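Asker: what follows is a predicted structure for the sequence shown.
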Amino acid sequence: MTEKKYVLAIDQGTTSSRAIVFDHSGRIVSVGQKEHEQIYPHAGWVEHDPMEIWHNTREVVGEALGKADINRHVLAGVGITNQRETTIVWDKNTGEPVYNAIVWQDARATRRCQELIDDGGQDQFREITGEPISVYPSATKIEWILNNVEGAREKAEAGDLLFGTPDTWLVWNMTGGVNGGVHVTDVTNASRTMLMDLKTLQWDEGMCKFFDIPMQMLPEIRSSSEIYGYGMRSSLLIDTPIAGILGDQQAATFGQACFTPGMAKNTYGTGCFTLINTGNEPTPSENGLITTVLYKIGDQKPVYALEGSIAVTGSLVQWLRDNLRMFDSAPEVEKLASTVEDNGGCYFVPAFSGLFAPYWRSDARGVIAGLTRYVNRGHIARAVLEATAYQTREVLEAMEADSGKKLKELRVDGGMTNNDLLMQFQADQLDVDVVCPVVAETTALGAAYAAGIATGFWNGEQDVIDNWQEAKRWSPKADHEENERLFRNWKKAVTKTFDWVDDDVEN
């Protein structure tokens with residue numbers, strides 16, 4: 001038998017799909033990556049082409065294996081991590097999507113959500129699902145497709161349509177598609193649909209009836225670490241066990257070895273997502289957070305988390321680059337922000353499609369506040385970076401209030417951790433150390449660990465803990481009173497985004 005030396009992780013993200021080969025020490029051997037098109041049919045709408053995602057995934061798998069000069073025979077397993085809430089509905093007989101993937105950022109259900117809130121309150125389903133009503137979960141996205149795509153509801157009720165987040169879509173295609181593809185998801189992704197009961201870890205019949213979603217559309221809910229099926233020829237991974245699935249933010253938390261209640265991580269990507277481990281029982285939030293499943297290893301008890309989801313952080317830097325042409329590449333934002341000593345009184349609240357945690361205001365839209373003739377490009381760039389740190393502080397303060405646990409340090413990952421100015425400002429605002437690991441690709445790494453644990457390549461969480469190594473630490477050093485003044489003004493700026501969308505403004 002060929003010795004198994006590696007695990008492959010597929011990271012299907014918001015802007016690109018990647019395949020990363022990891023060795024037993026959790027180090028990166030090779031990477032394949034390809035971006036996919038961002039489709040904006042209307043203001044506030046965000047879509048992807050599911051077929052492009054599937055084709056790109058096959059390409060990056062081949063690229064990663066080629067760069068590592070290996071083949072499937074030395075892979076112990078494949079783990080998948082993915083953009084959560086993003087909704088794909090397809091015909092199980094043809095394999096063709098009935099509509100583009102509706103992305104987690106999409107705000108087309110704003111009016112529908114407001115109707116639900118007006119009728120029964122924003123938290124009417126929180127006890128079952130852990131989530132407030134918002135445009136974020138998958139439920140209203142599925143509902144929109146069934147109600148607006150011609151023939152979709154009839155096909156769904158006839159049992160011909162399947163739903164899945166990108167993990168489900170990829171596993172189905174990788175294991176055969178129309179020829180016996182496995183239709184599954186894991187507890188972490190299912191917990192973000194607003195259709196799963198957090199306690200039973202099963203689809204809730206009442207929630208499905210409420211949104212008029214036929215239950216036969218839904219994938220089987222499985223643990224985050226077990227063998228779901230085996231790759232077919234079309235996946236380039238013939239007979240390789242597909243053995244791990246984790247939503248991207250849960251995967252990052254797993255890769256950061258946050259296995260003890262009270263440990264927290266923040267991922268700085270398109271958005272920012274902060275999770276804190278709360279143990280084996282779901283902790284209800286009274287401060288605007290989401291109660292979610294963090295992971296479930298095989299037959300073990302599930303582990304839960306509180307999450308604060310921030311929609312726009314890294315994508316705000318991209319917006320400065322692409323829409324305002326302030327610089328040519330995203331890393332240049334730090335150099336521009338460093339040309340000034342502070343924000344000059346300028347605050348940028350990026351509520352482009354509403355505010356997520358802890359406000360959950362789908363009626364909000366972005367503002368730049370505090371402008372004077374003194375403010376220049378550097379101040380705006382700095383305000384953009386500071387916005388990420390302020391939003392993270394708001395979420396972590398809510399977490400401390402809900403969990404009763406004081407944060408000791410924040411483990412961080414994602415592309416924006418390369419920005420020293422931001423990371424230092426984050427440590428100053430939180431007044432705790434901010435720590436980045438050697439392997440910053442913790443999302444893909446977490447999925448790899450889940451697959452490797454299921455196949456015996458790793459022995460469990462302790463191997464993850466042993467592999468984790470610190471690369472850099474930022475400690476707070478700013479004046480406390482100045483920090484509080486800045487944060488107070490930020491909170492004031494946030495209030496200026498409220499109530500923008502009304503009956504006269506469609507999006």
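Answerer: Alright, I've got the coordinates. Numbering: from 1, shown residues only.

Asker: so what strands line up beside the helix or strand hosting residue 306?
Answerer: Element membership of residue 306 [criterion: DSSP states H and E] is strand 303-310. With DSSP bridges as the test, strand 303-310 is paired with strand 272-279 (antiparallel), strand 290-295 (antiparallel).

Asker: what sits against residue 361?
Answerer: Residues counted as contacts of residue 361 (CB atoms under 8 Å, 6 or more residues apart in numbering) are 351, 354-355, 497-498. Just so you know, the C-beta spots here come from the backbone N, C-alpha and C atoms, and that holds for glycine as well.

Asker: surely residue 474 meets residue 427?
Answerer: Yes. If you go by CB atoms under 8 Å, residue 474 and residue 427 touch, sitting 4.2 Å apart.

Asker: joint contacts of those two?
Answerer: 433-434.

Asker: just checking, next helix/strand downstream of the strand holding residue 306?
Answerer: helix 314-322.

Asker: please work out the average pLDDT along that following helix.
Answerer: Mean per-residue pLDDT for helix 314-322: 90.

Asker: from the chain's centre, how far out does the next helix-or-strand element following it sit?
Answerer: Where DSSP H and E defines the elements, the next helix or strand beyond helix 314-322 is helix 332-337. Relative to its parent chain, helix 332-337 has a centroid offset of 26 Å by CA atoms, centre = their mean, to the nearest Å.

Asker: CA atoms only: put helix 332-337 into CSV for me.
Answerer: Extracted in CSV, the C-alpha atoms of helix 332-337 (Å, rounded to 0.1, in the frame of the first residue of the first chain):
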residue,chain,number,x,y,z
GLU,A,332,-0.7,49.6,-0.7
VAL,A,333,-3.4,50.8,1.7
GLU,A,334,-1.1,50.5,4.6
LYS,A,335,1.5,52.7,3.0
LEU,A,336,-1.1,55.3,2.2
ALA,A,337,-2.6,55.1,5.7
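
Asker: return the set of buried residues in that helix.
Answerer: Within helix 332-337, the residues that qualify as buried by neighbour count (16 or more other CB atoms under 10 Å) are 333-334, 336-337.

Asker: ok, back up a step: weakest of the strands paired with strand 303-310 by average pLDDT?
Answerer: Taking the mean pLDDT of the strands paired with strand 303-310, strand 272-279 comes last: a mean of 91.

Asker: and the angle for it with helix 314-322?
Answerer: 170 degrees (axes from the mean of the first three to the mean of the last three CA atoms, to 10 degrees).

Asker: please enumerate the strands of the stretch 1-150 of the chain.
Answerer: 6-12, 16-22, 28-35, 47-48, 75-82, 88-91, 101-102 (DSSP state E, counting those that start in this stretch).

Asker: now render those as JSON lines, adding mean pLDDT, mean neighbour count and distance to residue 418.
Answerer: Compiled in JSON lines, the strands of the stretch 1-150 of the chain are given as follows (pLDDT from 0 to 100; neighbours: other CB atoms under 10 Å; distance: least, CB to CB, whole Å):
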{"stretch": "strand 6-12", "mean pLDDT": "97", "mean neighbour count": "29", "distance to residue 418": "18"}
{"stretch": "strand 16-22", "mean pLDDT": "96", "mean neighbour count": "25", "distance to residue 418": "17"}
{"stretch": "strand 28-35", "mean pLDDT": "95", "mean neighbour count": "18", "distance to residue 418": "16"}
{"stretch": "strand 47-48", "mean pLDDT": "96", "mean neighbour count": "21", "distance to residue 418": "26"}
{"stretch": "strand 75-82", "mean pLDDT": "96", "mean neighbour count": "29", "distance to residue 418": "21"}
{"stretch": "strand 88-91", "mean pLDDT": "98", "mean neighbour count": "23", "distance to residue 418": "32"}
{"stretch": "strand 101-102", "mean pLDDT": "98", "mean neighbour count": "26", "distance to residue 418": "29"}
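
Asker: which of those sits closest to residue 303?
Answerer: Proximity to residue 303 (CB to CB) singles out strand 75-82 among these, at 16.5 Å.

Asker: centre of the chain to the closest one, how far?
Answerer: On CA atoms, centre = their mean, the centre of strand 75-82 falls 17 Å from that of its chain.

Asker: just the C-alphas of that strand, formatted as CSV.
Answerer: Taking C-alpha atoms only, strand 75-82 is exported to CSV below (Å, rounded to 0.1, in the frame of the first residue of the first chain):
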residue,chain,number,x,y,z
LEU,A,75,-3.4,11.6,-0.1
ALA,A,76,-5.0,10.4,3.2
GLY,A,77,-8.1,12.4,2.5
VAL,A,78,-9.8,15.6,1.2
GLY,A,79,-11.3,18.3,3.4
ILE,A,80,-13.7,21.0,2.1
THR,A,81,-14.2,24.4,3.6
ASN,A,82,-16.5,27.0,2.0
